[in-house]
Structures are given as C-alpha cells and as structure tokens.
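[1] just to be clear, the model below is a prediction. Sequence and coordinates:
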Amino acid sequence: MNETYLTTEELSQRIKYDPRTIRDSLKDSVLLEGVHYFRPFGGRKILYIWETIEQDMYEQSQSQNVIIPMGNGGVCHG
C-alpha cells in the first residue's frame, strides 16, 4: 500500500479547514470510516487516507452541475 495517512491536524492544514470542523461536521457525513479514514489497531486515533480524500474532492468539484430552483419546487439543470 502506497497511501499517505494524516492526522486530523495534518488534514486540516492540507484542506484549509479547522480541525474541529473536520471532527464535528465532515467526519461521518462526508468523510466515511473505511473509505476516507480508519482507526489503526481498533484504537481511538483516526488516520485519514489523503489520496482518497483528494480524489473525492476533485471529482465532486468537477461534477458540480448548475441547478436553478424553480417556483413550483422543481429544479432546472442549466
């Protein structure tokens, strides 16, 4: 395995988010255990997998479609 493992603080420096935001808002909603992070040896410490996070951030930014909300509750894909 050739992956880069980061602590919460190291990840926060790379993606320019506060460590608290990563722990409270992103973890388990955007960053998923077993996909983006894991707990080595079943402990409390969390290590994030940088390559997976980087790829998902890039793919999400490329797939952002323009959605225009309509008055009737629908959306227009523009």
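    Good, I have the coordinates. Numbers count the residues shown, from 1 in each chain.
[2] what about the strands in this structure?
    Ranges of strands within the chain are 5-6, 37-38, 47-49, 67-69, 75-77, based on DSSP state E.
[3] output the biggest helix by length in the chain in CSV with nothing but the alpha carbons.
    Counting residues, the longest helix found in the chain (DSSP state H) is helix 50-62. C-alpha atoms of helix 50-62 as CSV (Å, rounded to 0.1, in the frame of the first residue of the first chain):
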residue,chain,number,x,y,z
TRP,A,50,-5.1,11.5,1.8
GLU,A,51,-5.3,10.1,-1.8
THR,A,52,-9.0,9.0,-1.3
ILE,A,53,-10.0,12.4,0.1
GLU,A,54,-8.1,14.3,-2.6
GLN,A,55,-9.7,12.2,-5.4
ASP,A,56,-13.2,12.6,-4.0
MET,A,57,-12.8,16.4,-3.5
TYR,A,58,-11.6,16.7,-7.2
GLU,A,59,-14.4,14.5,-8.5
GLN,A,60,-17.1,16.5,-6.6
SER,A,61,-15.7,19.8,-7.8
GLN,A,62,-15.8,18.5,-11.5
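[4] just to revisit the earlier point, any idea which of the strands of the chain is most buried?
    Most buried of the strands of the chain, by mean neighbour count (mean count of other CB atoms under 10 Å): strand 47-49, with a mean of 20. Where you see a C-beta, it was placed from the backbone N, CA and C, and this is true even at glycine.
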